[in-house]
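S.K.: no sequence on this one, just coordinates:
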């Protein structure tokens, strides 16, 4: 189903194609509804697709989802920003994705010929030239990633990350590990700081600490002060 969903030309998917007992169960992608019509009365159930963060938000995330935006042109679907078209738009899918994630209701852009508005609520674009006012459907679909590819995704620290950019107190990071945990001795300054914070709000008889440092180079680079 995920592979079918990634293609903008597909508006629905019949679950009977993968499981004969579910023939008559149809997923409608634009409305995110499951239509159950194998026996009366016909029923509709809301469905939800879970996703990793968008790559427009998490550019360095190994598991981020790349979303592509398309507009319909005579029964074919065209990617925004593609140079394959006679009059390409001055925006890319990433530009639209960022506006969408910021909860904007619409997004203005133009081609060499006309100005347009993209309506996120109705999922359509409209030519703002009053001579035309043409409206076309818009779809947002993820780039499909094979399970085999996803399962071998490298989640280790990027090669551009130098040893000097990490805290000197950290233990060496294995190249095949995204993160490690390191137990801290009671004499360690980090241990003592955590212990101090606990004792500010808890009695001495209630504090029995074991402290571990989580070493995650990606998160360190993203959130360090």
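M.R.: That came in fine, so what should we check first? Computed from a prediction, not measured in an experiment: that's the story for all the values here. Residues are numbered from 1 along each chain as shown.
S.K.: hey, let's count contacts and neighbours off CA atoms from now on
M.R.: OK.
S.K.: okay, now residue 67: neighbour count?
M.R.: 18 (other Cα atoms under 10 Å).
S.K.: contacting residues around it?
M.R.: By Cα atoms under 8 Å, 6 or more residues apart in numbering, the residues touching residue 67 are 54, 55, 93, 94, 97, 140, 141, 142, 143.
S.K.: thought the fifth one was touching residue 53?
M.R.: No. Taking Cα atoms under 8 Å as the contact criterion, residue 97 and residue 53 are not neighbours in contact, 11.7 Å apart.
S.K.: which one's more surrounded, these two?
M.R.: Taking other Cα under 10 Å, residue 97 and residue 53 do not tie; residue 97 has more neighbours (19 against 14).
S.K.: the more buried one: which element?
M.R.: Residue 97 is part of helix 93-101, with elements assigned from DSSP states H and E.
S.K.: of all the contacts of residue 67, which comes closest to residue 208?
M.R.: residue 54 (40.5 Å; Cα to Cα).
S.K.: how about the closest one, phi and psi?
M.R.: Backbone torsions for residue 54, taken as degrees, to the nearest 10, come to phi -70, psi 140.
S.K.: just how off-centre is the helix holding residue 97 within its chain?
M.R.: Computed by Cα atoms, centre = their mean, to the nearest Å, the chain-centroid distance of helix 93-101 equals 11 Å.
S.K.: what mean pLDDT does that helix have?
M.R.: The average pLDDT for helix 93-101 rounds to 95.
S.K.: in that helix, what counts as buried?
M.R.: For helix 93-101, burial by neighbour count (16 or more other Cα atoms under 10 Å) applies to 93, 94, 96, 97, 100.
S.K.: now do stretch 27-40
M.R.: Quick answer for stretch 27-40 (16+ other Cα under 10 Å): 27, 28, 29, 33, 34, 35, 36.
S.K.: any idea how far residue 141 is from the third one?
M.R.: The reference is to residue 29. 10 Å (Cα to Cα, to the nearest Å).
S.K.: shared neighbours of the two, anything?
M.R.: residue 5.
S.K.: ok, residue 105 - contacts?
M.R.: Shown in contact with residue 105 (Cα under 8 Å, 6+ apart): 119, 120, 121.
S.K.: contact partners of the helix holding residue 97?
M.R.: 56, 57, 67, 68, 69, 79, 80, 81, 107, 120.
S.K.: quick check: next helix or strand after that helix?
M.R.: strand 106-110.
S.K.: still on that earlier bit, which of the buried residues of stretch 27-40 fall in helices?
M.R.: Judged by DSSP state H, the subset of the buried residues of stretch 27-40 located in helices is empty.
S.K.: the residues you listed into CSV, with extra columns for distance to residue 217 and pLDDT?
M.R.: Written out in CSV, the entries for these read as follows (distance: Cα to Cα, whole Å; pLDDT from 0 to 100):
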residue, distance to residue 217, pLDDT
27, 40, 97
28, 41, 97
29, 37, 97
33, 40, 97
34, 41, 96
35, 45, 96
36, 47, 95
